[in-house]
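**Student:** build me a model from this:
(chains A and B)
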Amino acid sequence: MAERYSSKTLRETVRVIAGRFWGMLLILVIVVGGVTAVTLLAPKTYRTEAHLIARPGRNTNPLQETAPLRYELVLFVTTQRQIITSDYVLATAMMMLDGPNLPKLDFALGDDLAQRKARSEALAKASERRREMVTEFVQANPELMRKLRKRVQVLTPGGPDATFSQTFWIRVDWPEEAGLAAEKGEDVRQFAVHRTWEFTKHLVQAYEDRFTMLESQRTQKATDFLKRQAAMEARNEFLEASHAYESFIKNQAKGDLPLVMSMSGTLSTAGGELSETVLLRQRKDDLMKIGDRVARVEALKTAIDQELAKQDDRQLVVPDMVLQDNATMQALQAKIVDLKLMVNALEPRYSSNYSELRSARKELGLSLEDLREQLRKQADALDIELKMLRASQEVLSRDSERTEQRIASLAPLVPEYERLVAELKAAQTNYDEQKKRGLDAATAERLAENPVLVTLLDQPYMPDPDSPVRPILWLNIAVSILAGLVLAFVYAFLSDHFDHSLKSIDEAERYLGTPVLGSVPKMGGNIVRT
Amino acid sequence: MAEPGITQASKARLKHKAEDVFRGLWASLFLSGPSAGKSVLICSADRKEGASTMACGLALAGSEPAGIARVALVDMNVRQPKLAHMLRCNSGPGVGDVVLKGHPAEEAAQAVNAGLDLYTAGDVGDRVLELLKSDALGRFLHTIAEQYDHVVVDCAAANQYADAQVLAGRVGSVMLVARSNATPREAVALAKKRIESGGGKVAGVVLNMRKYPVPKFLYKRV
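**Tutor:** Below you'll find the model as predicted:
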């Protein structure tokens, strides 16, 4: 087989086209004719539009935070598209058009509180009833809903799907309804035009109702929150708690508040202790010390009294306890011991008349007398001290007893106090929290009162019965011609590609590798004449 | 050999519109190029592609004007002989009678016009293979090749019967007829392969029944 050429020469191209000229023409005619017929037979629809503008309720200063504003608008317009094309709104408009008596929604609540409440209840009821009816309608007419969804469009200046726009409009394309018009005995066109117009008005109304309902629900939530007066309740609670606390302090704790506080441990002063308790402890310490001292003094006294009871001076012994803290006694004792030693040393060697011995004895006797005297003095002093100690002991113990009694009498107040303090604290926290939430809610309410607003720019206009919306004929024909040509060429080249017959001398030689001697044109009939 | 006295034979002529075409084809087949030979087998790949008409037209074109050459047209399309009817001749006696029954070759020749003798297929019955295999056929073809300037042999479709394959070995030069815009090129290639395997040589291909979809003025320009 000879080499094959992938590129077709111009002649072959012409041959391909010319060989299938009629087929291509047929395709073209079918395509163009079909499109034209469909275009001409397309149902006439009538169009009307309602223009709406979304105005942000705040941030009206354009220099301020444009980006959030932008997002807000985008979000808003997208949401409105959803709301308008929702089954609920479409069905509501359709029901308004066809007349089933939908409950009216009256959003004007008035200022009087009682009236307001009654009306808001009525509104809620009407809204609920309407919702039921509409839901029923939607479920009963799925086919109609499908059609309605096609008839209503929400457009923005940037194109059908652009959302960054302040304005948007509802476009309604309503077809002629010949059957319905005949039923009512009206002109088909006039009937369609009126239906279009009225449906659009109802659609705007239904949308506005829906929008207002949604917005008011949102506002309602914030208002309700404030109306519940949770913050007020919390405030009252707090006031009550603080009042109870104050009266407790005034009537029960009186001047003992610090003591009660210190007892409950709620008071944390620098020392952590209060004078009363410290005093009480000090007194107890003192009492203990005095007790010790009394015991000691009594012991001393007993010892001294024993010594004093002895008749013989020589037998006198100073008790160690007395010596310990008495310098005079110690000196005297030392002197007596010296004298005794001296007397003892002199006695064996000298006669008792020896002057030195005598003087020594005399002195010893005097010293002993002195000692007895000293001891007596000491005993007297001890007596006095003991008396004083007893007295002060009595005073102290009385005093501390009184303090203890007071503390004991205050003790039952402590739990009461602690409860009150805890209550007060809780009420305070609750009140603070409610105040904060109330503030949030107030902000929310303020925002809700000032949402992105929707204003109807243009009422829907009455469509012109003489100019229904129709596909653009010449455009469709032009496009169909193009499409038909493309199809025809595709057909020609495809069929040529799959046609393996020998079509030209070139091709035959190329494929067979044999010279083509010639070609004989098709000649009708016999070639021989006889 | 045509009897000079047969008058109706001289009446068969090509129609005017076909004359030039077949004359040109005749010229390129016999008078030019290295493939020019004495006898040629004309066959098509498939049936109904105009091989018989082509053979008839060629033979008529080659034999006119009278006296330019002596041409023998042999109808070896023994399965569906058509030439006799086409040229208004008797269907017998023909090649079958000569080869199988031993009739003399001269008896089978029917003069179509001054320069053209037709050998019809004759009575073959179901002895086609015998006819094709027989030495007598070889001898017959040899005889007429000597007697005439040119021999044109028509035969059955190459892709349908083995006739063409066998005959190609005896005749040598083969002209394939393909119907343009109809015969698949693969079929023609197969026919060519079969003929070559039979020992023949494809001198060339003729596109028959060609249509010119492109208008002439445009055809000249592209």
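
**Student:** roughly how far apart are B:Asn181 and chain A?
**Tutor:** 5 Å (CB to the nearest CB, to the nearest Å). All C-beta spots, glycine's among them, are computed from the backbone N, C-alpha and C.

**Student:** tell me, how many neighbours does that residue end up with?
**Tutor:** Taking other CB atoms under 10 Å in any protein chain shown as the criterion, the count of residues near B:Asn181 is 17.

**Student:** so what pairs up with the closest residue to it other than its chain neighbours in the strands?
**Tutor:** Ranked by CB to CB, 6 or more residues apart in numbering or on different chains and with sequence neighbours excluded, the top spatial neighbour of B:Asn181 is A:Ser501, at 5.1 Å. Each beta-bridge partner of A:Ser501 is listed here: B:Pro184, as defined by DSSP bridges.

**Student:** hang on, isn't A:Ser501 packed against B:Glu186?
**Tutor:** No - distance between A:Ser501 and B:Glu186: 9.8 Å, which falls outside the contact criterion (CB atoms under 8 Å).

**Student:** quick one: the residue nearest to B:Asn181 and B:Ala191, what's the gap?
**Tutor:** Distance of A:Ser501 to B:Ala191, computed by CB to CB, to the nearest Å: 14 Å.

**Student:** same thing with A:Val337?
**Tutor:** A:Val337 is 170 Å from B:Ala191, by CB to CB.

**Student:** so for the two, which sits in the more crowded spot?
**Tutor:** Set A:Val337 next to B:Ala191 and count neighbours by other CB under 10 Å: B:Ala191 wins out with 28 against 11.

**Student:** let me know the pLDDT of the more buried one.
**Tutor:** Per-residue confidence at B:Ala191 stands at 94 (pLDDT).

**Student:** other SSEs contacting the one helix or strand it maps to?
**Tutor:** With the criterion set as DSSP states H and E, the secondary-structure element containing B:Ala191 is helix B:185-197. Taking 3 or more CB pairs under 8 Å, 6 or more residues apart in numbering or on different chains; DSSP states H and E as the contact definition, the neighbouring helices and strands of helix B:185-197 are helix A:505-512, strand B:39-44, helix B:163-171, strand B:173-179, strand B:201-210.

**Student:** could I get those as CSV with mean pLDDT and distance to A:Asn430?
**Tutor:** Compiled in CSV, those are given as follows (pLDDT from 0 to 100; distance: least, CB to CB, whole Å):
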stretch, mean pLDDT, distance to A:Asn430
helix A:505-512, 86, 99
strand B:39-44, 92, 110
helix B:163-171, 89, 114
strand B:173-179, 91, 105
strand B:201-210, 89, 106
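
**Student:** just the buried positions in stretch B:90-110, please.
**Tutor:** Buried residues in stretch B:90-110, counted by 16 or more other CB atoms under 10 Å in any protein chain shown: B:92-100, B:103, B:105, B:108-110.

**Student:** nearest to chain A among those?
**Tutor:** For the buried residues of stretch B:90-110, the minimum distance to chain A (CB to the nearest CB) is 13.1 Å, reached by B:Gln110.

**Student:** pull the longest strand from chain A.
**Tutor:** Ranked by residue count, the top strand of chain A under DSSP state E comes out as strand A:45-55.

**Student:** got the CA coordinates for it in PDB?
**Tutor:** Output of strand A:45-55 as PDB, limited to C-alpha atoms (Å, rounded to 0.1, in the frame of the first residue of the first chain):
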ATOM      1  CA  THR A  45     -45.200  35.200  27.800                       C
ATOM      2  CA  TYR A  46     -45.700  38.700  29.300                       C
ATOM      3  CA  ARG A  47     -43.000  40.200  31.400                       C
ATOM      4  CA  THR A  48     -43.100  42.600  34.300                       C
ATOM      5  CA  GLU A  49     -40.600  43.600  36.900                       C
ATOM      6  CA  ALA A  50     -40.600  45.000  40.400                       C
ATOM      7  CA  HIS A  51     -37.500  46.900  41.400                       C
ATOM      8  CA  LEU A  52     -36.300  46.700  44.900                       C
ATOM      9  CA  ILE A  53     -33.400  48.400  46.700                       C
ATOM     10  CA  ALA A  54     -31.600  47.100  49.800                       C
ATOM     11  CA  ARG A  55     -30.500  49.900  52.100                       C
END
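
**Student:** tell me where chain B has strands.
**Tutor:** Using DSSP E, the strands assigned to chain B run over residues B:13-14, B:39-44, B:71-75, B:109-113, B:116-119, B:150-154, B:173-179, B:201-210.

**Student:** what about stretch B:59-75, average pLDDT?
**Tutor:** According to the model, stretch B:59-75 has a mean pLDDT of 87.

**Student:** list the buried ones in it?
**Tutor:** Using 16+ other CB under 10 Å as the burial criterion, the residues of stretch B:59-75 that qualify are B:59-64, B:69-75.

**Student:** touching, A:Val172 and A:Thr48? I think so.
**Tutor:** Yes - counting by CB under 8 Å, A:Val172 sits close enough to A:Thr48 to count as a contact (5.6 Å).

**Student:** overlap in contacts of these two?
**Tutor:** A:196, A:200, A:460 (CB atoms under 8 Å, 6 or more residues apart in numbering or on different chains).

**Student:** any idea which of those is closest to chain B?
**Tutor:** In terms of CB to the nearest CB, no member of the shared contacts of A:Val172 and A:Thr48 lies closer to chain B than A:Thr196, at 54.6 Å.

**Student:** for that closest one, give its distance to A:Thr45.
**Tutor:** In this structure, A:Thr196 and A:Thr45 are 8 Å apart, going by CB to CB.

**Student:** and these two? which has more neighbours close in?
**Tutor:** Set side by side, A:Thr196 and A:Thr45 give different neighbour counts by other CB under 10 Å, the larger being at A:Thr196 (26 against 17).

**Student:** any idea how far the more buried one is from A:Lys377?
**Tutor:** A:Thr196 is 135 Å from A:Lys377, by CB to CB.

**Student:** ranges for the strands of the stretch 201-350 of chain A?
**Tutor:** Assigned by DSSP state E, counting those that start in this stretch, the stretch 201-350 of chain A shows no strands.

**Student:** skipping its backbone neighbours, what lies nearest the closest residue to chain B within it in space?
**Tutor:** Nearest residue of the stretch 201-350 of chain A to chain B: A:Leu203, at 60.2 Å (CB to the nearest CB). Taking CB to CB, 6+ apart as the measure, A:Leu203 lies nearest to A:Ala93, with 3.9 Å between them; neighbours along the chain are not counted.

**Student:** hmm, that neighbour is touching A:Glu208, no?
**Tutor:** No - A:Ala93 sits out of contact with A:Glu208 when judged by CB under 8 Å, with a separation of 10.9 Å.
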